[in-house]
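> Quick one, structure for this:
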Amino acid sequence: MIEIPKVAIRGLDSGVILIQGGMGACISLSPLAGAVASRGGVGTVSFVGLDWVVKRRTGRTVSHHEAARLEIGEARRLSGNRGAIAINCMVLIEKTYIPSIEGAIEGGVNAIVAGAGLPLTLPEIVGSAKAALIPIVSSARALKIICQRWNRYGRMPDAVVLEGPLAGGHLGFRAEDIPKPEFRLENLFGPVKKVAEENGNFPVIVAGGIYSREDIVWWTNAGADGVQIGTRFAATHESGASEEFKLAIVAAREEDIEVAVNPGSPSGMPFRVIRTSPGYIQALAHGRPLRCDKQLLLHKGKDGRQTCLALEGYDAFCICNALASAAGVNNTSDLPIYTVGTNAARVDRILSVNELMDELVGATP
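Numbers count the residues shown, from 1 in each chain. Take a look at the predicted model:
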């Protein structure tokens, strides 16, 4: 069996084998992240909705800061202090971005993975904390902008995740560009690797469409320093996905997976879903009037007031409620939308993290 090398990332005490993708809302929580880290990977907690999770678990209402601190601490405990724990943060969710990062640092997080927008001020937010900083990009241009801005802080990324168009969730491409050959992950990789080499030669982690051990070996041989895998971990026993979500992944066929645009995510970014998701079917039929009770996707409008993106005339579904329902943590009757990567159609059973890690990387480190 070909040995898969560990990824050496500055700021982490030891090399890691792979990164488990951050899946929100509430899919990648401490049980999943801790299990992945215990097997030598980077286990990732998504920051979306952590306050909901902690309230359901403890009965206490806590701040976003405190929720992140508690969830990261629990993931570290469950990992047995092996591997590494990361928090995945979305720049787009302004309301919780900074408090969650600060809370995660207090909780002892090893790495901060940031996407859904360019994390241009991340070094300033983190300050002197020792956590590895790992932006997510979809192009060399985006990485170059990040490096130029971070250079003002005397900092470069400790690694970068290059996410291609086959990933689940929000995609960093225009919908019309997703099928074009020039946007395939293997064609994006070379230019991104070059930018990383020119700015300290930090590791490049590839994501989007990585499914098997053979894929990991292929990318390692092609020059990637590591991989990030999301959807396969969504279909594990330790995942925070509802049982209905997991079974929908197992049942999904290639023709069941599509990119939602109109109706789509209120962010305006293409969003890959299982088209048989109850909430998506409802959205296609315009069967639910938009309302905003979670208040996550607020941004400051021209009039200076905080407004939900979904209520600004864009033909969108309420993504906050749809994803909360997909994880079984919603406090409303809103129907779920299931987001997956393209290779979800290859998943034929629900596994434990141990079984999946055995398949992907072999023996326990």
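> How about the contacts made by residue 275?
256, 257, 258, 281 (Cβ atoms under 8 Å, 6 or more residues apart in numbering). Bear in mind the C-beta positions are built from the backbone N, C-alpha and C, glycine included.
> Tell me the confidence at it?
pLDDT, residue 275: 93.
> Equivalent analysis for residue 193, please.
Residue 193 is given a pLDDT of 97.
> Rounded mean pLDDT for the longest helix along the chain, please.
Using DSSP state H to define each element, the chain has its longest helix at helix 64-79. Averaged across helix 64-79, pLDDT comes to 92.
> how many degrees apart are the following helix or strand past it and helix 64-79 in direction?
Counting by DSSP states H and E, the element after helix 64-79 in chain order, helix or strand, is strand 84-90. Relative orientation of strand 84-90 versus helix 64-79 (axes from the mean of the first three to the mean of the last three Cα atoms, to 10 degrees): 150 degrees.
> which helices and strands does strand 84-90 pack with?
In terms of contact count using 3 or more Cβ pairs under 8 Å, 6 or more residues apart in numbering; DSSP states H and E, strand 84-90 is assigned the packing partners helix 30-38, strand 42-46, helix 64-79, helix 94-106, strand 111-115, strand 132-137.
> one more time with 10 Å, if that's ok
Contacting strand 84-90 under the criterion 3 or more Cβ pairs under 10 Å, 6 or more residues apart in numbering; DSSP states H and E are the following elements: strand 19-20, helix 30-38, strand 42-46, helix 64-79, helix 94-106, strand 111-115, strand 132-137.
> what residues does the shortest one touch?
With contact meaning Cβ atoms under 10 Å, 6 or more residues apart in numbering, strand 19-20 is reached by 7, 9, 28, 32-33, 35-37, 39, 41-45, 83-84, 86, 88, 111, 113, 134, 159, 161, 205, 207, 226-230, 232-234, 236, 239, 353, 356-357.
> Pass me the low-pLDDT residue ranges in the stretch 201-350 of the chain, would you?
288-316 (pLDDT under 70).
> related to what we said a few turns ago, restricted to buried residues, select the contacts of strand 19-20 in ChimeraX.
Listed next is the ChimeraX selection for buried residues among the contacts of strand 19-20, using 16 or more other Cβ atoms under 10 Å:
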select :7,9,28,32,33,35,36,37,39,41,42,43,44,45,83,84,86,88,111,113,134,159,161,205,207,226,227,228,229,230,232,233,234,236,239,353,356,357
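> Out of the helices and strands packed on strand 84-90, which is closest to residue 170?
Minimum separation from residue 170 across these (Cβ to Cβ) falls at strand 111-115, 8.1 Å.
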